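Participant: pasting a predicted model and its sequence here:
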Amino acid sequence: MKRLWKSGEPFIWLTGGALALALLLVAGLVALILANGLGLFWPRDVVRMTLADGKVMTGQQVEREAVPGKPGQYRIKLRVANRDLYGADFQWVDEARIATREYPPDAVVVERTEWGLLIGTIQEVRDGGRTVAVGSARGLDELRRQLPEAARLREEIRRIEKGDIGAINFAQDRVRLALKRLEIKGVTRGPDVDALQSQMGALQARYREQEARLAGLRKRQTASVVVTADDGKEKDLPLVQVLNVYAPNTMGVFAKSGHYAAGVWEFVSDDPREANTEGGVFPAIFGTVMMVMIMSIMVTPLGVLAAFYLREYARQGTFVSAVRIAVNNLAGVPSIVFGVFGVGFFIYFVGGTIDRWFFAEALPTPTFGTGGILWASLTLALLTVPVVIVATEEGLAAIPSEMREASLALGATKLETTLRVVLPAVMPSILTGLILAMARAAGEVAPLMITGVVKLAPALPIDGFWPFVHLDRKFMHLGFHIYDVGFQSPNVDAARPMVFTTTLLLLLIVVLLNLFAIGLRNRLRRKYAMAAV
Amino acid sequence: MRGNIQVTATLNPHAGASGIIETPMVEIDHLSLWYGEKRALKDVSMSIPKHRITAYIGPSGCGKTTLLRCLNRMNDLIDGVRIVGTIRIGGTDIYDPALDVTELRKRVGMVFQKSNPFPKSIFENVAYGPRILGVTGRNDLDAIVERSLRAAALWDEVQDRLDDSALGLSGGQQQRLCIARAIAVEPDVLLMDEPCSALDPIATAKIEELMLELKNSYTIVIVTHNMQQAARVSDYTGFMLLGELVEFGVTKELFTNPRDKRTEDYITGRFG
């Protein structure tokens, strides 16, 4: 026993075991997210069950679990969809009560812009009150023929609403603010006011024009599809609301894969629908990436300069050591504390001051005096600056002093030495710090919730209206999206797969951002052939 | 021997050097240095002749590197250093407060104990000094780099890979690159702080050969803990002990006929 202990073998096993456990935990985490998240877009078969009491239920099986308190019995969670008809998307069915199950080939799943999925059988397709196709097969063909046109129309309506009418609203807002600015100056009439008012009138006219165009477009689409669900309930659904129709029971693996790919694409490229439980998460991806970028731009120079002063210029002593300890401790401060600081300092003080000086005409509506992507990014920059400082400092300490002396001995000044020798050599360490900072920032949620993240942002922080980048805007963020969808959603069951899928996406984005920075760092390292710092 | 020998000889009373009758390049006069409370150099006086190799030998911690680093004021970088006495290089007092230290360091190049090329390409390493001096033309830089690398006997080995990282060179090549980098700014004096201590015998032989070549154009001061090396390459040798310059004179004489008992003990290997 003693010999065994002396040999050191048990310690090796202990350390190896600890590592294995850690790896197992991480692998389990990723596996859980993958397993739960990847299934969201797979078109499941539609099952029609006849219960012992004669009741018919149609839907997609999403879960099967043991009935609590009744050993050996199982129950099925059925996504019956049709929230507008039944009131709830999901039903639990005890397997013991099921008499028969069948997979009707004519069962279709309709993805629509409102009310979630619709599952049922196509009765007929109507156009302007006239029936154009009867029966499920003919109806499906007719729908497939008409849907592209409906999609085009929907897209055009959206473009007018967001683009043209959005532009008019934007311009009107500017005119309104210009008028108010004049009013503050005490000008209530005169050529300036008249000019602005006539501009306003012209915009008003243009707005009515667009409204009329919209009404015309809406009237053009008259087709609808009638779908019957269980209990003979019928739904007459305008085609313009239909995003996609498919009959999963007749689809092969190939067709399902295609549907899956389209679903993934929609998820990453589309706006959310139905209180974020459907559609895509593109604005959240955009917000997350943009926020991390702004944060990186802010935090890198700040952290690097601070580290340079601490290591290269400051006289090493008790004070600098104290500063160093303080900086290290800053990294451990709970993130919500930074959030509170962000609200108090950035939003109320800095933002409020900016508003009073430059956006007085918009008050009491705040412009910068409220949460926004700039303040959120700055708060996170503050949160992550210790990481950059520490990494840069360690890099600076690892550069041999001979390197600096060689430069000084050649007659270079300290500044020249710092810029031409030290900075390039410390670049990999700076990027290491930045990688850590980005990884932390991308996943941080708590401080964002109070500095500018919202569950649904009406517009992206970058758009086609001058000045194109709107740092004052509120934004969406994947981390907050997970919280919102999973725990604040009115329809938790429907949203749960979205939680895992969004988590997966967040992980993916963090990994991608890191890979980018790691690639950059490795390129620099190769260039300078420095040992890993 | 050179043609224009001037007899402005200085007989060093403190070191008792046997009359150095050559043009002095560096004149050290009653130099003392303190690191805080610790006195590292004690009243050192000597004159280093132009276009000769002067070696400092002595046991570790005797102050030879400190003395060397006084010559280009690298000791300024260390906190708490205090210096008394004067050093003149080419007649200029280098501790004159009005003197620009960077100007001095351009005139007094240095090669360090551990080869320390910058983590840049071979070309950029040599071009670093000229760039600091404001040379920007690519043709000028090319010419300087080639001339310096040739002078450092490295050109033939690296001419095809000037853009490769300098850190890919062998230890001996790196040290010769550092020499090339130092002479690219055409200094008057070249300080070498144990330049061969990390090199194998073949690389050492190359550097020594190179030094003999370079002394035609530069005044070289070398610190070495290798007495054979001092005997092989230097014209003059100073023996230091505990911050004192014990003996300074023509190398051959110092090694064959030391006048101080301590020098004799050291070179015969009784301590050190």
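Facilitator: All right, it came through fine.
Participant: element containing the residue in the stretch 1-150 of chain A positioned nearest to chain B, please.
Facilitator: Residue nearest to chain B within the stretch 1-150 of chain A: residue A:19 (32.9 Å; Cβ to the nearest Cβ). Every C-beta, even on glycine, is put in place using the N, C-alpha and C of the backbone. Using DSSP states H and E, residue A:19 maps to helix A:9-37.
Participant: got the residues of chain A near chain B?
Facilitator: Contact residues, chain A versus chain B (Cβ under 8 Å from any Cβ of the partner chain): A:315, A:400, A:402-403, A:405-413, A:416, A:420-421, A:424-425, A:527-530.
Participant: among these, which ones are in strands?
Facilitator: Of the residues of chain A next to chain B, none are assigned to strands by DSSP state E.
Participant: distance check, residue B:156 against residue B:164.
Facilitator: 15 Å (Cβ to Cβ, to the nearest Å).
Participant: of these two, who's got more company?
Facilitator: Between residue B:156 and residue B:164, residue B:164 has the larger neighbour count (other Cβ atoms under 10 Å in any protein chain shown), namely 14 against 9.
Participant: need the contact list for that one.
Facilitator: When contacts are counted by Cβ atoms under 8 Å, 6 or more residues apart in numbering or on different chains, residue B:164 touches B:121-122, B:158.
Participant: what about the strands in chain A?
Facilitator: So, for chain A - with DSSP E - the strands run A:46-51, A:56-66, A:74-79, A:90-94, A:98-102, A:107-112, A:118-127, A:130-134, A:223-228, A:234-238, A:242-246, A:272-273, A:278-279.
Participant: could these be laid out in CSV, adding mean pLDDT?
Facilitator: As requested, those are arranged in CSV below (pLDDT from 0 to 100):
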stretch, mean pLDDT
strand A:46-51, 90
strand A:56-66, 88
strand A:74-79, 90
strand A:90-94, 89
strand A:98-102, 89
strand A:107-112, 90
strand A:118-127, 89
strand A:130-134, 86
strand A:223-228, 87
strand A:234-238, 87
strand A:242-246, 88
strand A:272-273, 84
strand A:278-279, 82
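Participant: to residue B:147, which of those lies closest?
Facilitator: Each of these has some distance to residue B:147 by Cβ to Cβ; the shortest is strand A:272-273, at 67.8 Å.
Participant: just checking, what packs against the closest one?
Facilitator: strand A:278-279 (3 or more Cβ pairs under 8 Å, 6 or more residues apart in numbering or on different chains; DSSP states H and E).
Participant: so which residues make contact with the strand it packs on?
Facilitator: With contact meaning Cβ under 8 Å, 6+ apart, strand A:278-279 is reached by A:111, A:116, A:266-267, A:270-273, A:494, A:498.
Participant: only whichever of those are buried, select them in PyMOL.
Facilitator: PyMOL command restricting the contacts of strand A:278-279 to the buried ones, with burial defined by 16 or more other Cβ atoms under 10 Å in any protein chain shown:
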select buried, chain A and resi 111+116+266+267+271+272+273+494+498
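Participant: which one of the contacts of strand A:278-279 is nearest residue B:218?
Facilitator: The shortest approach to residue B:218 among these belongs to residue A:267, at 70.7 Å (Cβ to Cβ).
Participant: does the closest one touch residue A:501 like I think?
Facilitator: Yes - in this structure residue A:267 lies within contact range of residue A:501 using Cβ atoms under 8 Å: 6.7 Å.
Participant: what do these two both touch?
Facilitator: residue A:40.
Participant: contacts only, for whichever residue of the stretch 251-400 of chain A sits closest to chain B.
Facilitator: Residue of the stretch 251-400 of chain A nearest chain B, by Cβ to the nearest Cβ: residue A:400 (6.7 Å). Counting by Cβ under 8 Å, 6+ apart, residue A:400 touches B:114, B:116.
Participant: phi, psi for it please.
Facilitator: Backbone torsions of residue A:400, given as degrees, to the nearest 10, read phi -60, psi 140.
Participant: how about residue B:121?
Facilitator: Per-residue torsions, residue B:121: phi -70, psi 160 (degrees, to the nearest 10).
Participant: from residue A:507, how far out is it?
Facilitator: Taking Cβ to Cβ, one finds residue B:121 at 39 Å from residue A:507.
Participant: strands of chain B, start to end?
Facilitator: All strands of chain B, identified by DSSP E, fall at B:24-35, B:38-49, B:53-57, B:81-89, B:92-93, B:108-111, B:189-193, B:219-223, B:236-241, B:244-250.
Participant: chain A: which of these is closest?
Facilitator: When the strands of chain B are compared by Cβ to the nearest Cβ, strand B:108-111 sits nearest chain A, at 4.0 Å.
Participant: what about residue A:38, neighbour count?
Facilitator: Applying other Cβ under 10 Å, I find that residue A:38 has 15 neighbouring residues.
Participant: you'd agree it is up against residue A:508?
Facilitator: No - at 11.6 Å, residue A:38 does not count as touching residue A:508 under the criterion of Cβ under 8 Å.
Participant: joint contacts of these two?
Facilitator: With Cβ under 8 Å, 6+ apart as the test, residue A:38 and residue A:508 reach no residue in common.
Participant: ok now stretch B:257-271, how far from the chain's centre?
Facilitator: 24 Å (Cα atoms, centre = their mean, to the nearest Å).
Participant: now swap in stretch A:272-290 and tell me
Facilitator: Distance, centroid of stretch A:272-290 to centroid of chain: 5 Å (Cα atoms, centre = their mean).
Participant: what about that stretch, how long is it end to end?
Facilitator: In stretch A:272-290, first residue to last residue: 18 Å (Cα to Cα, to the nearest Å).
Participant: give me the distance between residue B:256 and residue B:264.
Facilitator: Using Cβ to Cβ, one obtains 11 Å as the distance from residue B:256 to residue B:264.
Participant: okay, these two: which has more neighbours?
Facilitator: Between residue B:256 and residue B:264, residue B:264 has the larger neighbour count (other Cβ under 10 Å), namely 16 against 10.
Participant: tell me the contacts of residue A:266?
Facilitator: Residue A:266 touches A:279-280, counting by Cβ under 8 Å, 6+ apart.
Participant: residue ranges in chain B under the pLDDT threshold?
Facilitator: For chain B, applying pLDDT under 70 flags the ranges B:1-21, B:271-272.
Participant: so which bits of it are right by chain A?
Facilitator: So chain B meets chain A at B:72, B:74, B:77, B:79, B:102-106, B:109-110, B:112, B:114, B:116-120, B:128-129, B:132-133, B:165, B:167-168, B:178, B:181-182, B:185 (Cβ under 8 Å from any Cβ).
Participant: from those residues, list the buried ones, please.
Facilitator: Among these, those classed as buried by 16+ other Cβ under 10 Å are B:72, B:74, B:102, B:104-106, B:109-110, B:112, B:116-120, B:128-129, B:132-133, B:165, B:167, B:178, B:181-182, B:185.
Participant: which ones among the residues you listed map onto helices?
Facilitator: B:102, B:104-106, B:128-129, B:132, B:178, B:181-182 (DSSP state H).
Participant: so which of those is the closest to residue A:100?
Facilitator: Within these, proximity to residue A:100 (Cβ to Cβ) peaks at residue B:128, which comes in at 85.3 Å.
Participant: do I have it right that the closest one meets residue B:120?
Facilitator: Yes - between residue B:128 and residue B:120 there is a contact under Cβ under 8 Å: 7.5 Å.
Participant: so who does residue A:39 touch?
Facilitator: Residue A:39 makes contacts with residue A:497, as judged by Cβ under 8 Å, 6+ apart.
Participant: ok so, going back, just the pLDDT at the residue of the stretch 251-400 of chain A closest to chain B, thanks.
Facilitator: Per-residue pLDDT puts residue A:400 at 87.
Participant: so what's the spatially most central residue of chain A up against?
Facilitator: For chain A, the residue nearest the mean C-alpha position is residue A:284 (2.3 Å; Cα atoms, centre = their mean). By Cβ under 8 Å, 6+ apart, the residues touching residue A:284 are A:272, A:476-478, A:480-481, A:502.
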